[in-house]
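Colleague: Could you work out the structure for the sequence below:
(chains A and B)
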Number of protein chains: 2
Amino acid sequence: MTKTYRIALDAMGGDLGCGPVITAALEALKSYPDIELILVGQEDVLLSELDAQKKSLNERLTIHHATQVVEMAEPPALALKKKKDSSMRVSINLVKEGVADACISSGNTGALMATARFVLKMLPGVDRPAITATLPSKQGHTHILDLGANVESSAEQLYQFAVMGSELATAVDDNKSPTVGLLNIGHEAIKGNGLVKEADVLLKQSDLNYIGFVEGDDSFLGAVDVVVCDGFVGNIALKSSEGLAKLISGFIKEEFTRNILTKLIGLMALPILSRMRRRLDPRRYNGASLLGLRGIVIKSHGGADSIAFGNAIKIARIEAIKNVPGHISEHIEQTLKQRYDEE
Amino acid sequence: MTKTYRIALDAMGGDLGCGPVITAALEALKSYPDIELILVGQEDVLLSELDAQKKSLNERLTIHHATQVVEMAEPPALALKKKKDSSMRVSINLVKEGVADACISSGNTGALMATARFVLKMLPGVDRPAITATLPSKQGHTHILDLGANVESSAEQLYQFAVMGSELATAVDDNKSPTVGLLNIGHEAIKGNGLVKEADVLLKQSDLNYIGFVEGDDSFLGAVDVVVCDGFVGNIALKSSEGLAKLISGFIKEEFTRNILTKLIGLMALPILSRMRRRLDPRRYNGASLLGLRGIVIKSHGGADSIAFGNAIKIARIEAIKNVPGHISEHIEQTLKQRYDEE
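Modeller: Here you go, the predicted structure:
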């Protein structure tokens, strides 16, 4: 008998309600015979949505009732204190209790992070969680972390992010020795602030496939598999790129709808433009991993539709199959042991 | 008689040699009757290039001989010490001596920054220079600084960058009260690291049109006129965006050249694609200002062609006409006086 992986889905936390979550769940159950999904949320709401989609529960799709919902603008500390029966918290509890192998939420990032840390705790030797996501690149994609779980990080923490990102890439991409780069404002050793210089030393001493400093454009150009940076820098790099992508897509629309002739050409070019859009479609990159915790927690975009949410399920499944937290833990333990032996 | 503005051009510092500089100079002299240009570099090289372009010197286009050239990979300290007769240094000297109102170099950024600081000195009350450039946005463009002159900055320095960026936007865009935003990982006051929170307080107390925190995508979406950040973050945001732009343009090319049909459609769409490319053409944004110095110094991209260099001349001219350093100095002085009065 092959193993079955159970994933808890916070079905209430996103901007679009439970509809896209249920649609994505039904699709995923068809695609992956080795998963079972638990819809977490208000039972009556979930049942009526299933009814509307003319589907029903079965042994692979169950409901776990949770009475509360964390609001998008709710302060994390408040959610942690007052929403002990939220769909988000209960989803994480299911991971903690071993009922689920992973959980996914499209809810409030801050609350998810705070609750996951509180309920699951950090892996031994890991100081802080990191948010990681994949970005499109020339050859495929690049993993980048931290994307904003932390506003300030130490060199040691950047080193831990590197280990976590490397283990994730190994698992997800079947890449035994992913290259790791440290985000900096130049490739040369003399460039950069104190933090990256210190982290550079730690990374050079490590057993990671560390290639040194990388610049902001290297991630998109496919020069490296894992990009490490502090959360402030990572978040701004990500948002800047999103902004530019929106700008360019706006320009494309404007230019192709300028007049009747350009519209006609646009119509002919539609399959080409659609192909291009698919390659850059943010939904294909939905699903950011909260790494460093004793369990798998995936953050889906607040406005995720069923396609985007489906991608998050795909990621949760792979991380569960590959036991990413286990590998991170082992790797960090090895480092600590090695340092201890050297002392 | 109208005033004439003299601009010194480091004709040797760029990757492409003096050709593009001379072509751009000849074009600019036609476009702007109120400028005179001084080509700085090895006289024989410059004369033979002029000859090759079938042009000659005249009262508005002169040569100032300089024997040395700063190499692109040369350490700034070495250039400062050993290259006292470089085209870069001599161009800056001409500004210092009042012979030129501004200078432009496509040479080694670090050497330009170090030499400009050493020769011209900082404006009173300004701690550090900042590199600023414009980025395309939905409505036009956004000024962003610092882009990497400094790897670490204090809150007070971010405040000074804000004043400098605001004065530049006022001058260049004829915008009496440009909006200023502080780059952060969220709009809310609780977000961000200690540095931005401290700078936020200083900016709120200032007479600038400060709109608070902005995120990485706001600059491209035209939500703000001037974006302030430390040089590490700014450089990475800029490079990430450049990387994504290259990725997208690569995708466009790939999709339109996939087969004979897509190539045909691409041919028809060519005027549309070219228009789009023009709107995002980095050459249109060439010319980064080194602000905070007692003089106008413009950094042109190392690989600038004549169109790109021409844009740098346009920027140098406007900054000279509007006396940007004078306005920055006045504004900083006012702040210091105001703070003194309040104490």
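Colleague: quick one: contacts for the residue lying closest to A:K3 once chain neighbours are set aside?
Modeller: Closest residue to A:K3 in three dimensions, ignoring its sequence neighbours and counting by Cβ to Cβ, 6 or more residues apart in numbering or on different chains: A:D34, at 7.0 Å. Placement of C-beta: from N, CA and C, glycine included. A:D34 makes contact with A:T2, A:K3, A:T4, A:Y5, A:R317, A:I321, according to Cβ atoms under 8 Å, 6 or more residues apart in numbering or on different chains.
Colleague: From A:S166, how far off is A:I332?
Modeller: Between A:I332 and A:S166 the distance is 11 Å, computed by Cβ to Cβ, to the nearest Å.
Colleague: what does the one helix or strand in chain A whose mean pLDDT sits lowest contact?
Modeller: Among the secondary structure pieces of chain A, namely its helices and strands, helix A:260-280 has the lowest mean (mean pLDDT, DSSP states H and E), a mean of 84. Around helix A:260-280, the neighbours that count as contacts under Cβ under 8 Å, 6+ apart are A:136, A:245, A:249, A:252, A:255-257, A:284, B:248, B:251-252, B:255-256, B:258, B:262, B:265-266, B:268-269, B:272.
Colleague: again, only this time at 10 Å
Modeller: Residues outside helix A:260-280 that contact it (Cβ atoms under 10 Å, 6 or more residues apart in numbering or on different chains): A:136, A:245, A:248-249, A:252-258, A:281, A:284, B:244, B:247-248, B:251-252, B:254-256, B:258, B:261-262, B:264-273, B:275.
Colleague: Of the contacts of A:D34 - the most surrounded one?
Modeller: A:R317 (22 neighbours; other Cβ atoms under 10 Å in any protein chain shown).
Colleague: ok so, going back, between A:I332 and A:S166, which has more neighbouring residues?
Modeller: For A:I332 versus A:S166, the count of surrounding residues by other Cβ under 10 Å is larger for A:S166: 27 against 20.
Colleague: Relative to A:L50, how far out is the spatially most central residue of chain A?
Modeller: Averaging the C-alpha coordinates of chain A gives a centre point, and the residue nearest to it by Cα atoms, centre = their mean is A:A288 (0.9 Å). Going from A:A288 to A:L50 by Cβ to Cβ gives 27 Å.
Colleague: go on, A:Q42?
Modeller: In this structure, A:Q42 lies at 12 Å from A:L50, with Cβ to Cβ as the measure.
Colleague: who touches both of those two?
Modeller: Taking Cβ under 10 Å, 6+ apart as the contact criterion, the residues that touch both A:Q42 and A:L50 are A:C18, A:I63.
Colleague: Who does A:L37 form a beta bridge with?
Modeller: Following DSSP bridges, A:L37 is listed with bridge partners A:I7, A:L61.
Colleague: Count residues in the vicinity of it, would you?
Modeller: A:L37 has 27 neighbours, counted by other Cβ under 10 Å.
Colleague: close enough to count as contact, it and A:A8?
Modeller: Yes: using Cβ atoms under 10 Å, A:L37 makes contact with A:A8 at a distance of 8.0 Å.
Colleague: Quick check: neighbours shared by these two?
Modeller: Common neighbours of A:L37 and A:A8 (Cβ under 10 Å, 6+ apart) are A:T62, A:A100, A:I104, A:A316.
Colleague: where does chain A have low pLDDT?
Modeller: Residues of chain A meeting the criterion pLDDT under 70: A:1.
Colleague: Could you pull out the helices in it for me?
Modeller: For chain A, applying DSSP state H gives helices covering A:19-31, A:43-52, A:76-82, A:87-96, A:109-120, A:155-173, A:194-205, A:231-256, A:260-280, A:306-322, A:324-342.
Colleague: of those helices, which approaches B:I211 most closely?
Modeller: Closest to B:I211 of these is helix A:231-256 (Cβ to Cβ; 16.4 Å).
Colleague: In the closest one, which residues are buried?
Modeller: Within helix A:231-256, the residues that count as buried by 16 or more other Cβ atoms under 10 Å in any protein chain shown are A:231-245, A:247-248, A:251-252, A:255-256.
Colleague: cool, stretch A:75-93 as well?
Modeller: Within stretch A:75-93, the residues that qualify as buried are A:75-76, A:79-80, A:83, A:86-93, counting by 16+ other Cβ under 10 Å.
Colleague: Now distance to A:I131 too, for the residues you listed, in a markdown table please.
Modeller: Output for the buried residues of stretch A:75-93, formatted as a markdown table (distance: Cβ to Cβ, whole Å):
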| residue | distance to A:I131 |
| --- | --- |
| A:P75 | 19 |
| A:P76 | 14 |
| A:A79 | 17 |
| A:L80 | 18 |
| A:K83 | 21 |
| A:S86 | 20 |
| A:S87 | 20 |
| A:M88 | 16 |
| A:R89 | 19 |
| A:V90 | 22 |
| A:S91 | 17 |
| A:I92 | 15 |
| A:N93 | 21 |
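Colleague: and which of these is nearest to A:T179?
Modeller: The shortest approach to A:T179 among the buried residues of stretch A:75-93 belongs to A:I92, at 32.5 Å (Cβ to Cβ).
Colleague: Excluding chain neighbours, what is closest to the closest one?
Modeller: Of all residues not flanking A:I92 in the chain, A:V119 sits nearest, at 4.7 Å (Cβ to Cβ, 6+ apart).
Colleague: next one: A:A79
Modeller: Nearest non-adjacent residue to A:A79, counting by Cβ to Cβ, 6+ apart: A:A111, 3.9 Å away.
Colleague: tell me the contacts of that neighbour?
Modeller: Here A:A111 is in contact with A:13, A:70-72, A:74-80, A:83, A:86, A:88-89, A:105 (criterion: Cβ under 10 Å, 6+ apart).
Colleague: Kindly report the same for A:Q139.
Modeller: Taking Cβ under 10 Å, 6+ apart as the criterion, A:Q139 is in contact with A:L221, A:G222, A:A223, A:D225.
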